[in-house]
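Chemist: Sharing a model that was predicted from the sequence below.
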There are 2 protein chains.
Amino acid sequence: MSPHRPRLLAPIHRVAGLDYDVLDELLGYSLRRAQVALFLAFRDAARGSDLTPPRFTALVIIGANPGLSQSVLGQVLGIARSGAKLMTDYLEGRGWVERRRRNGDARAWGLYLTRRGQQFLERVKARVLDYDYRVVRKITLKERKELLRLLEKLSR
Amino acid sequence: MSPHRPRLLAPIHRVAGLDYDVLDELLGYSLRRAQVALFLAFRDAARGSDLTPPRFTALVIIGANPGLSQSVLGQVLGIARSGAKLMTDYLEGRGWVERRRRNGDARAWGLYLTRRGQQFLERVKARVLDYDYRVVRKITLKERKELLRLLEKLSR
DNA sequence: TATTGTTATACTCTATAACTATA
DNA sequence: TATAGTTATAGAGTATAACAATA
């Protein structure tokens, strides 16, 4: 992904008594609104950890694909190489990720979670999942599965 | 809304051969991915017009609620008053919106679409709707309604 | 030549805080 | 005192372009 981007610091609430016209009919806008709700859940789950959605995504991806390069990380996040570099610097600075030289190609780094990064990710992953499901308790589990299915079809 | 924010300049495609781990299970991440797809549709619909999702939202809201104040516009967009001011400046600069003094309260502006703004919005609204539905042709109309229903429940 | 990472720079959007003029 | 809008300033995140090292 890329701009997980709800830079949102404050919740967005529908302003009462206002006509939202065609916005209510647009899937793009509805997704936006729903995403804000999920972002707020994420923020609760990650509170006190300095973790943002892109950072979380990066950790998960590195954890599941040890040794991947910064360029590939950038592709996943949808950002330029320069941005992937800064992201990696941050994760490394927090002691969660380390760069190792790869055999075979001395240009690229291989990215790996540190022991500490693994432990941290373990905990935060559980929390994020928990909150994600919690927000979604507004719908049934069956509806959740249906929703995931439809979203998947859309983004393909 | 607020940060409709996919600042996205390039499409995001799932990187082949990579393990996305728990991300596939998270509604937050799935929403993100789907939103990118809809954002790209929006960008096509609005190409050449310098319109972004927040700007589009602002025009629609002003069009449907003539005379609203900058503060309320800010609430809808989920941004601070200072940002609502800059947004209004932009829309005014494009000749789409005008500020009029309100009777009764000399502090606040009332925002209105200009004739030109109305015409422009008319056209772009049709295009955006068209593209929104087009992307969503990947799902049936019945599925679309179900999706909207579920998203609505989430963001409430 | 093409690719990976790096560096420097600039831009966009947003937040915060202080200010003014009204209410 | 509180509110609407304004102004100035700063920060985060990203893009672009040029560069070095390596392929």
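Modeler: Everything's here; your move.
Chemist: what about the helices in chain A?
Modeler: Counting by DSSP state H, chain A has helices at residues A:27-45, A:53-64, A:70-77, A:81-93, A:115-135, A:141-155.
Chemist: Can you spell out which helices and strands pack onto the second one?
Modeler: What it means is helix A:53-64. Helix A:53-64 sits against helix A:27-45, helix A:70-77, helix A:81-93, strand A:109-113, helix A:115-135, helix B:27-45, with contacts defined as 3 or more Cβ pairs under 8 Å, 6 or more residues apart in numbering or on different chains; DSSP states H and E. Just so you know, the C-beta spots here come from the backbone N, C-alpha and C atoms, and that holds for glycine as well.
Chemist: Can you add distance to DNA strand C and mean pLDDT and give those back as CSV?
Modeler: What follows is the helices and strands packed on helix A:53-64, written out as CSV (distance: least, Cβ to the nearest atom of the strand, whole Å; pLDDT from 0 to 100):
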stretch, distance to DNA strand C, mean pLDDT
helix A:27-45, 11, 92
helix A:70-77, 3, 97
helix A:81-93, 3, 98
strand A:109-113, 4, 96
helix A:115-135, 17, 95
helix B:27-45, 12, 92
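Chemist: Relative to B:Ala80, tell me which of these wins on proximity.
Modeler: Checking the helices and strands packed on helix A:53-64 against B:Ala80 by Cβ to Cβ gives helix A:27-45 as the closest, at 16.2 Å.
Chemist: Give the full set of residues in contact with the closest residue to A:Leu31 other than its chain neighbours.
Modeler: Distances taken as Cβ to Cβ, 6 or more residues apart in numbering or on different chains place B:Gln35 nearest to A:Leu31, at 4.5 Å, with adjacent residues excluded. Applying Cβ atoms under 8 Å, 6 or more residues apart in numbering or on different chains, we find B:Gln35 in contact with A:28, A:31-32, A:35, B:6.
Chemist: ends of stretch A:63-70, how far apart?
Modeler: Between the opening and closing residues of stretch A:63-70 there is a gap of 14 Å (Cα to Cα, to the nearest Å).
Chemist: repeat for stretch A:91-111
Modeler: 10 Å.
Chemist: Any residue of that stretch touching DNA strand D?
Modeler: Yes - contact of stretch A:91-111 with DNA strand D (Cβ under 7 Å from any atom of the strand) involves A:104-107.
Chemist: picking up where we left off before, any chance of the helices and strands packed on helix A:53-64 in JSON lines, plus distance to A:Thr52?
Modeler: Supplementary listing: the helices and strands packed on helix A:53-64 in JSON lines, determined by distance: least, Cβ to Cβ, whole Å:
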{"stretch": "helix A:27-45", "distance to A:Thr52": "8"}
{"stretch": "helix A:70-77", "distance to A:Thr52": "11"}
{"stretch": "helix A:81-93", "distance to A:Thr52": "10"}
{"stretch": "strand A:109-113", "distance to A:Thr52": "17"}
{"stretch": "helix A:115-135", "distance to A:Thr52": "12"}
{"stretch": "helix B:27-45", "distance to A:Thr52": "12"}
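Chemist: which stretch among the ones you listed comes nearest B:Arg115?
Modeler: Nearest to B:Arg115, of all those, is helix B:27-45, at 22.4 Å by Cβ to Cβ.
Chemist: Okay, angle between that closest one and helix B:141-155 too, please.
Modeler: Counting by axes from the mean of the first three to the mean of the last three Cα atoms, to 10 degrees, helix B:27-45 points 120 degrees away from the direction of helix B:141-155.
Chemist: right, and the helices of chain A - which one's nearest B:Asp21?
Modeler: helix A:53-64 (3.9 Å).
Chemist: quick one on the thing from earlier: are any of the contacts of B:Gln35 buried, and if so which?
Modeler: Buried by 16 or more other Cβ atoms under 10 Å in any protein chain shown: A:28, A:31-32, A:35, B:6, out of those.
Chemist: For those residues, give me JSON lines that also has distance to DNA strand D.
Modeler: Formatted as JSON lines, those follow (distance: Cβ to the nearest atom of the strand, whole Å):
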{"residue": "A:Gly28", "distance to DNA strand D": "19"}
{"residue": "A:Leu31", "distance to DNA strand D": "18"}
{"residue": "A:Arg32", "distance to DNA strand D": "17"}
{"residue": "A:Gln35", "distance to DNA strand D": "15"}
{"residue": "B:Pro6", "distance to DNA strand D": "10"}
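Chemist: center of chain A, which residue is that?
Modeler: The structure's chain A has its C-alpha centroid closest to A:Pro53; by Cα atoms, centre = their mean the separation is 3.4 Å.
Chemist: how close does the closest residue to A:Arg94 other than its chain neighbours sit to B:Gly104?
Modeler: Excluding the flanking residues, the one nearest A:Arg94 by Cβ to Cβ, 6+ apart is A:Asp50, at 7.6 Å. Relative to B:Gly104, A:Asp50 is positioned 47 Å away (Cβ to Cβ, to the nearest Å).
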